[in-house]
Every structure is written in structure tokens, then in C-alpha cells.
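quick one, what's the 3D model for this:
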Amino acid sequence: MINQLREAFPQIEINCLTTIIDKHTFVFECPEFKKGLFVNATKKYHLHIQNNINSQFYFIQNDDCVMKTVKGGQCDYVILNDFSIYFTEIKATKENLSVRRKKGLQQLENTIKFYLNKIDSINLENKNALICFDNNKRIAPQASVSSKRKEFKNKYQINLQEGNYILFE
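Model prediction:
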């Protein structure tokens, strides 16, 4: 899958793609730089990625790197390995939860449509869209209660979740 993305988005190699082999990776969405920064577990973070399979995974800075400004926005990151992909949006603002959720869903959907327009299909067994809300504790992903969950599954064959934790196993 990563080779498909490299072919579809040649600019991905220029500061957009990071290959990671660590067991634990913590990401802080920096409001100043508007990009993800890797931090250690003692610092504030928005996303925890646990890699239990002893192989690399790929972290793509999507927002303002692969995708420039798109009407309605785009998700922050695309995170994948050989089996799974996570379109990930961090919503760490002071807006109320329903507003953040609505904006996050729109950004995820815009990104998925954009990627599917560039590549024929996402040929991985585990496909996910994840909205992360500002929280400094690990939250296991929860299935979204909105009707969007069913729509994402039917339209894109992608599982819509809320949380701040990704587990590769």
C-alpha cells in the first residue's frame, strides 16, 4: 500500500512521510506549526500508537503536506502498516464536542475521497477513520454513535472510531 501512495503522491517523500519501528509512538498536534510532533510519554500527546508486530509502520503528515487546503478541510495524518490504515483527525480545540465531531467527520470524508480519487482502492484488511479529541489519557477507540459510522462502512468500507489510541498487532 505504501508503494501505491508513493506513486500517487510523489511529494510524500518531502517531509510528509516518516517510517517508524518503535513499539510506542506519541504524537502531539502542535497548534503553532499545525503538524504532528513526536513526543515522549511524559509529555502532553493527542495520539498513542502501539506497534506490537515488530515491523515498521508509516506516519504520513497529510494536512498541508500531501493535501494542501481543501474546501471543508482534510485530516491530519494517515498512519498505516502492511495490514491496517488509519485516517486520523485530531480535534484539540475549545469548541464543543458535537462541533468538533462534525468538522472532524467532514475532514475525514474529504481525505478518504481525495485518496480514493488518486488510487483505485485501499487494499488492506483493516481500514479505519479515527477522530481524536484533546485528552492526555489513553482512550481506547470507541465506535462513533452517529449515523456516520454506518455511512462510512457502507460507502467506503472503513470503520469510523473515536479515541486516541492505535494498536498494530
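
the residue most central in space within the chain and T111, how far apart?
With distances taken as Cα atoms, centre = their mean, the chain has T88 as the residue nearest its mean C-alpha position (1.9 Å). Going from T88 to T111 by Cβ to Cβ, to the nearest Å gives 9 Å. For glycine as for every other residue, the C-beta is placed from the backbone atoms N, C-alpha and C.

re earlier: need the pLDDT of the residue nearest to the centre of the chain.
For T88, the pLDDT comes out at 98.

show residues contacting the host helix or strand of it.
Per DSSP states H and E, T88 falls inside strand 84-91. Residues from elsewhere that reach strand 84-91 (Cβ atoms under 8 Å, 6 or more residues apart in numbering): 1, 27, 29, 36, 46-47, 62, 75-80, 100-101, 103-104, 107-108, 111-112, 115, 122, 124-134, 158, 166, 168.

and the residue lying closest to Q106 once chain neighbours are set aside, how far from I53?
Spatial nearest neighbour of Q106, chain neighbours left out: G72 (5.0 Å); criterion: Cβ to Cβ, 6 or more residues apart in numbering. Distance of G72 to I53, computed by Cβ to Cβ: 34 Å.

and for L37?
24 Å.

one more: C16?
With distances taken as Cβ to Cβ, C16 is found 23 Å from I53.

the two: who's more crowded?
C16 (21 against 14; other Cβ atoms under 10 Å).

identify the contacts common to T88 and T111.
75, 78.

quick check: the gap between the residue nearest to the centre of the chain and I122.
With Cβ to Cβ as the criterion, T88 and I122 are 14 Å apart.

re earlier: so which of the contacts of strand 84-91 belong to strands?
Of these, the ones assigned to strands by DSSP state E are 27, 29, 36, 47, 77-80, 126-133, 166, 168.

got a ChimeraX select line for the buried ones in these?
The command below creates a ChimeraX selection of those among these that count as buried (16 or more other Cβ atoms under 10 Å):
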select :27,29,36,47,77,78,79,80,127,128,129,130,131,132,133,166,168
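
now do the helices in this structure.
Here the chain has its helices, by DSSP state H, at 2-8, 97-118, 148-156.
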